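J.: structure here, sequence nowhere to be found:
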């Protein structure tokens, strides 16, 4: 397996990503969409999720496809970003047909970034407008780090952000992940130099430092974020996608497997205070020849992409006024 041409989720042909953020707010929104509905599912492993339209992604529910996914800052307020995306999709004539009406299907998930040093003293929620702006900007190219929903994200000891990665399997199937790294846990080992996901790095995509050579890691769980934020809620959320033709039930299995990537990149992961959630989707372009084996490999690739995307999010973060935590580059003089 090798990364796709851009090492982004949009290496899955047909996917587009849009981002919008407000620098004063220290928050933003990211949208993943395509020109036609995506077969999709979801799996939640955090104890404090914030989400919208996730139940309809269960394999036994009748919703046939998803028009867009929304990842947003703003905690529960950020779920309003999906309303802006729905409005934008409606203008495009997109949505599930119900007689003469069309209803866009837009699942959403949020991170908690309400006390990250940004100006949150709004009269009207900024998130619907951010959602529609992100949708309108959707293309195959997008920025990592302090952008979109990751604009105000933080990990335990460093600034978080938006990350992405991809892999192309030997069969030609492409798998990609887009993650918003805002965990209560750390993404780096003590000292904030080496990434927990270091053993899975490809082509120096987050510094080329490799794994931390020390043994016995994982016992000291210092969190500057907990101190700075007084034990507020957190989350790592994202979307994994492939061009393999999967059923809704197989997408569910893909989302479950992808969570291994969070556990490999964040220490600890899936805590009662995190809202860890991964959406899964497929464009359905490529038929599986050996479904059980290939689905296993797609899930494995997704977990690798998730871990790498989380590390890339922190590695690419940039400093801004009133930040509560340093970036990886500031901490390491890079």
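T.: Nice, thanks for sending it over. Note that the structure is predicted; figures quoted are calculated from it, not measured. Numbering: from 1, shown residues only.

J.: hey, what's residue 165 bridged with?
T.: For residue 165, the beta-bridge partners are residue 177 (DSSP bridges).

J.: residues contacting it?
T.: Counting by CB atoms under 8 Å, 6 or more residues apart in numbering, residue 165 touches 3, 7-9, 176-177, 205, 304-306, 308-309, 312. C-beta: built from backbone N, CA, C; applies to glycine.

J.: do residue 248 as well
T.: By CB under 8 Å, 6+ apart, the contact list for residue 248 reads 39, 40, 41, 57, 59.

J.: for residue 269, same thing?
T.: Residue 269 is in contact with 45, 183, 185, 236, 262, 263, 276, counting by CB under 8 Å, 6+ apart.

J.: from those, which has minimum pLDDT?
T.: Among the contacts of residue 269, residue 185 has the lowest pLDDT, at 88.

J.: pretty sure that one contacts residue 276?
T.: No. Using CB atoms under 8 Å, residue 185 is not in contact with residue 276, being 10.0 Å away.

J.: quick check: what element follows the helix or strand bottoming out on mean pLDDT in the chain along the chain?
T.: Across the helices and strands of the chain, mean pLDDT, DSSP states H and E gives its lowest value to helix 224-229, namely a mean of 58. Sequence-wise, the next helix or strand downstream of helix 224-229 (DSSP states H and E) is strand 235-244.

J.: other SSEs contacting that next one?
T.: Other elements packing on strand 235-244 under the criterion 3 or more CB pairs under 8 Å, 6 or more residues apart in numbering; DSSP states H and E are strand 27-44, strand 66-72, strand 108-110, strand 174-182, helix 248-265, strand 277-286, helix 291-316.

J.: that strand to helix 248-265, inter-axis angle?
T.: For strand 235-244 against helix 248-265, the angle between stretch directions is 130 degrees (axes from the mean of the first three to the mean of the last three CA atoms, to 10 degrees).

J.: strand 235-244 pairs with which strands, and in what direction?
T.: strand 174-182 (antiparallel), strand 277-286 (parallel).
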